[in-house]
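> Let's see this in three dimensions:
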Amino acid sequence: MAALIHGTTQTGKTGFGEKLTTLWPALPYLSLGSWLAWAFLTYSGSVWLSDTEINGTYLSYLYITSTFTFAIACAVMFLAASAFQKLLASRRSIVGAATIASIGSLLVILAGPYYLAAPPLFYVGSLFTGAGTAVLALKCGELYGELPPRKVLLYAALSQVVIVCLYFFAMGVPHWAPVKGGPPASGICALILRLSSPPGCARCPESPTMGARSRFSTTCTWTACHAPSGR
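Reported below is the predicted structural model:
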């Protein structure tokens, strides 16, 4: 969403993202829909599996490896809340996490039988997707954790619309494949580019009634409730 370019520049001038967020305050919060659309597309396997995958083995491996890494990363960040709050507050860290997750998605695709046929890359990519999306999910949780309940419901509902639009766009466009038998180009773009707009730099006022650890605990709880739990 607008998060990647949100904020002021080093010269003090207002950036394009900040102007756009001023006109559409809900925009940074729709990153939740972008993340969950990626998750549904990835864990369903319908846009990245090659035609040789007939029993769902690699799909299961991806889901288990990615979500297990996601859970471990969230647990570690919760136990070291003070240190990782600085991570979530850093624009570079959020962009870096999105880059890691995108690279992981690319490795999952390149590990396929019609490309490099390298299973080790598949598992490395799965680990990258879990670790990268954990940071993005916690950032979404932080943004939503500082909103009043009414706005949480509103923006979460709007994010569901984003999920539907992105999911069915990726599924509905013509499935032209760069390599015959491999995943379609729409699926490749969906997996790699869907995480290129992280929710990292939206400036939201901190709650004056919550301490750092309490706010981070709320973030982790919200993330656990919204993380995809099935394929």
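> burial of residue 176, as a residue count?
By the criterion of other Cβ atoms under 10 Å, residue 176 has 8 neighbours. Glycine gets a C-beta too; all of them are placed from N, C-alpha and C.
> ok, now residue 54?
7.
> Can you verify it is assigned to a strand?
No: under DSSP: H, G, I helix; E, B strand; the rest coil, residue 54 falls outside any strand and is assigned coil.
> can you pull the pLDDT of it?
As summarised for this prediction, residue 54 has a pLDDT of 71.
> distance of it from residue 45?
From residue 54 over to residue 45 the distance is 12 Å, taken as Cβ to Cβ, to the nearest Å.
> who does the top helix by length along the chain touch, helix- and strand-wise?
For the chain, the longest helix by residue count, based on DSSP state H, is helix 119-145. Helices and strands in packing contact with helix 119-145 are listed as helix 31-44, helix 57-79, helix 81-89, helix 91-110, helix 149-172, helix 212-226; criterion 3 or more Cβ pairs under 8 Å, 6 or more residues apart in numbering; DSSP states H and E.
> Let me see the mean pLDDT of the third one.
If I follow you right, that is helix 81-89. Mean per-residue pLDDT for helix 81-89: 85.
> Go through it and flag the buried ones.
By neighbour count with 16 or more other Cβ atoms under 10 Å, helix 81-89 contains the buried residues 81, 84-85, 87-88.
> Which secondary structure elements does it sit against?
If you count contacts as 3+ Cβ pairs under 8 Å, 6+ apart, helix 81-89 packs onto helix 57-79, helix 119-145, helix 212-226.
> hang on, the earlier thing: could you give the separation of the longest helix of the chain from the chain centroid?
If you compare the mean C-alpha spot of helix 119-145 with that of the full chain, they lie 7 Å apart, counting by Cα atoms, centre = their mean, to the nearest Å.
> the inter-axis angle of it versus helix 31-44?
Orientation note: helix 119-145 sits at an angle of 150 degrees relative to helix 31-44 (axes from the mean of the first three to the mean of the last three Cα atoms, to 10 degrees).
> now helix 119-145 and helix 91-110, what's the angle there?
Going by the same axes, to 10 degrees, helix 119-145 is angled at 140 degrees with respect to helix 91-110.
> Where does pLDDT dip in this structure?
Along the chain, the model assigns pLDDT under 70 to residues 1-15, 17, 194-231.
> same thing but at 50, please
Within the chain, the ranges that satisfy pLDDT under 50 run 1-12, 200-214, 230-231.
> Out of the helices and strands packed on helix 119-145, the one nearest residue 126 is which?
Closest approach to residue 126 among those is made by helix 57-79 (3.8 Å; Cβ to Cβ).
> and the closest one, what does it pack onto?
Looks like helix 57-79 contacts helix 31-44, helix 81-89, helix 119-145, helix 212-226 (3+ Cβ pairs under 8 Å, 6+ apart).
> Next, the buried residues of that helix.
Of all the residues in helix 57-79, those buried under the rule 16+ other Cβ under 10 Å are 58-59, 62-63, 65-67, 69-70, 73-74, 77-78.
> Tabulate those residues (TSV), appending distance to residue 187.
Shown next, in TSV, are the buried residues of helix 57-79 (distance: Cβ to Cβ, whole Å):
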residue	distance to residue 187
58	14
59	13
62	14
63	16
65	19
66	16
67	20
69	22
70	21
73	25
74	27
77	30
78	33
